[in-house]
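>>> Sequence first, predicted model second:
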Amino acid sequence: MKRLLKYGLIATGITAVIFILFVYRIFFEPSVKISQNKTTIYIPSGAAFEQVIDSLSTNLQVGNQKLLRWVAERKKYPVLIKPGRYVIDKDLSYNSLIDRLRSGRQSPVNVTFNNVRTLNDLAGKVGGTIEADSAEIIAFLSDPENYLQDGFKKETIIAVFIPNTYEFFWNTSASQFYDRMLKEYKKFWNEKRMSQAREKNLDPIEVSILASIIDDEVVIAEEKPRIAGVYLNRIRRGIPLQACPTIKFALNDFTITRVLTKHLSIESPYNTYKYSGFPPGPIGCPSIQGIDAVLNAEKHDFLYFAAKADFSGHHNFSRTLSEHNRYAAEYQRELNRRRIYR
């Protein structure tokens, strides 16, 4: 009897040790290892459990896939899958990995865009950094029904996207991207900026249109408010803006370095040599610097400006057409000397 009791105690002890080792392996032992300093796991929206397991097995060194499945199923993870971008920066136990994925504690991504001329440019720069690809983004932005209720048209919607760096969760759809950028747009256009625009008898879209032109026209930042003042003077007097960047936009040819007389005949509402007032919309994503230049435009009586012939990026400013023509001729001669013909 004592012998049976002894064997029973031994068996119980062995079972207990096995159980403890099993529990330790699940909850504490780092059985899921990363190959480098960190590994990024992407779980798409609507991903099935098998798809997630396959992604984990492909990107991580999983000690025992069956045990990983067992832990996931016990924790009901197959019905609690949360899409996102998960950065794994250390070895984990099966339990810790599933807890991380089940919690949805994903790592955000930084989305940066600038120097954007068209909606296609925007979609190309943003698509792929979030779950929505460029085709989904451009499809959303190409349908005005998606934003008419917010006061925008297809020609003006690009004003919503103010160049900067924004933090997003990876599993962001095209509509969610727009919603977030609209929120940022409204935050940007605070009461101070709205008041500055009203003082100039402008609305945010008109400010954005001028800012986008100035961004393309001006290299020297400190000249932007002065050139903004020139454009505002012309608008107040009913003089066409005659802004070369709008011609490039109308022609959809941004490789042009010299706008020629033949280019000015293009029939387009964006041809500011033909039509007075504002073009239908911005000719690119207006920068913060460009917008603030318009809102803080210099007050002066200049009506013209021409690039300096020294190619410094600075401009000569004029009050009369005859003075402007002299400066423009100097610049044209320098273009010819440098053999810049288009």
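Here it is on my side, so go on.
>>> before we move on, which element is residue 178 in?
If you go by DSSP states H and E, residue 178 is part of helix 174-188.
>>> what's next to the helix or strand just after that helix, contact-wise?
Tracing the chain C-terminally past helix 174-188 and defining elements by DSSP H and E, one meets helix 191-199 next. Contact with helix 191-199 is made by 203, 204, 206, 207, 291, 295, 296, as judged by Cβ atoms under 8 Å, 6 or more residues apart in numbering. In this view, the C-beta of every residue, glycine as well, is placed from N, C-alpha and C.
>>> quick one, what contacts the nearest residue to the fifth one once chain neighbours are set aside?
By the measure of Cβ to Cβ, 6 or more residues apart in numbering, the closest residue to residue 291 outside its immediate chain neighbours is residue 211, 4.4 Å from it. Residues counted as contacts of residue 211 (Cβ under 8 Å, 6+ apart) are 228, 282, 286, 287, 290, 291, 293, 294.
>>> Residue 167 too?
Residue 167 makes contacts with 108, 109, 110, 111, as judged by Cβ under 8 Å, 6+ apart.
>>> Helix, strand, or coil at it?
strand (DSSP: H, G, I helix; E, B strand; the rest coil).
>>> Residue 35 versus that one, what's the distance?
Here residue 167 is placed at a distance of 27 Å from residue 35 (Cβ to Cβ, to the nearest Å).
>>> What of residue 337?
Remark: distance between residue 337 and residue 35 (Cβ to Cβ) = 59 Å.
>>> now residue 196
54 Å.
>>> Between those two, which is the more surrounded one?
Neighbour totals were compared for residue 196 and residue 35, and residue 196 leads with 17 against 9 (other Cβ atoms under 10 Å).
>>> Got the confidence number for the more buried one?
For residue 196, the pLDDT comes out at 98.
>>> any idea how far the residue nearest the centre of the chain is from residue 184?
Residue closest to the mean C-alpha point of the chain, counted by Cα atoms, centre = their mean, is residue 113 at 4.3 Å. Per Cβ to Cβ, residue 113 is found 12 Å from residue 184.
>>> Could you do residue 224 as well?
22 Å.
>>> the more surrounded of those two?
residue 224 (25 against 15).
>>> Surely that one is within a helix?
Yes - inclusion of residue 224 in a helix is indicated when three-state DSSP is applied.
>>> Please enumerate the strands of the chain.
32-33, 39-43, 61-62, 84-88, 109-113, 164-168, 304-307, 315-318 (DSSP state E).
>>> Mind putting those strands into JSON lines with mean pLDDT and distance to residue 248?
As requested, the strands of the chain are exported to JSON lines (pLDDT from 0 to 100; distance: least, Cβ to Cβ, whole Å):
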{"stretch": "strand 32-33", "mean pLDDT": "90", "distance to residue 248": "54"}
{"stretch": "strand 39-43", "mean pLDDT": "95", "distance to residue 248": "38"}
{"stretch": "strand 61-62", "mean pLDDT": "91", "distance to residue 248": "53"}
{"stretch": "strand 84-88", "mean pLDDT": "95", "distance to residue 248": "37"}
{"stretch": "strand 109-113", "mean pLDDT": "96", "distance to residue 248": "20"}
{"stretch": "strand 164-168", "mean pLDDT": "97", "distance to residue 248": "24"}
{"stretch": "strand 304-307", "mean pLDDT": "95", "distance to residue 248": "15"}
{"stretch": "strand 315-318", "mean pLDDT": "96", "distance to residue 248": "18"}
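>>> Same list (those) but as CSV, adding distance to residue 137.
Converted to CSV, the strands of the chain look like this (distance: least, Cβ to Cβ, whole Å):
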stretch, distance to residue 137
strand 32-33, 34
strand 39-43, 18
strand 61-62, 34
strand 84-88, 18
strand 109-113, 11
strand 164-168, 12
strand 304-307, 35
strand 315-318, 36
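>>> for these, which one sits closest to residue 234?
strand 304-307 (8.7 Å; Cβ to Cβ).
>>> re earlier: what does the helix holding residue 178 rub up against?
Applying Cβ under 8 Å, 6+ apart, the contact partners of helix 174-188 are 126, 130, 132, 136-137, 139-141, 146-147, 150, 159-162, 164, 166, 168, 172, 288.
>>> Any idea how many residues pack against residue 301?
Neighbour tally, residue 301, other Cβ under 10 Å: 9.
>>> next one: phi and psi at it?
phi -120, psi 20 (degrees, to the nearest 10).
>>> Return the distance of the residue nearest to it when sequence neighbours are not counted relative to residue 303.
Closest residue in space to residue 301, ignoring its immediate chain neighbours: residue 319 at 5.7 Å, by Cβ to Cβ, 6+ apart. Distance, residue 319 to residue 303, using Cβ to Cβ: 6 Å.
>>> any weak-confidence spans in the stretch 101-250 of the chain?
Per-residue confidence for the stretch 101-250 of the chain (pLDDT under 70) gives no ranges below the cut-off.
>>> For it, which segments count as helices?
119-126, 134-141, 174-188, 191-199, 204-217, 224-237, 244-251 (DSSP state H, counting those that start in this stretch).
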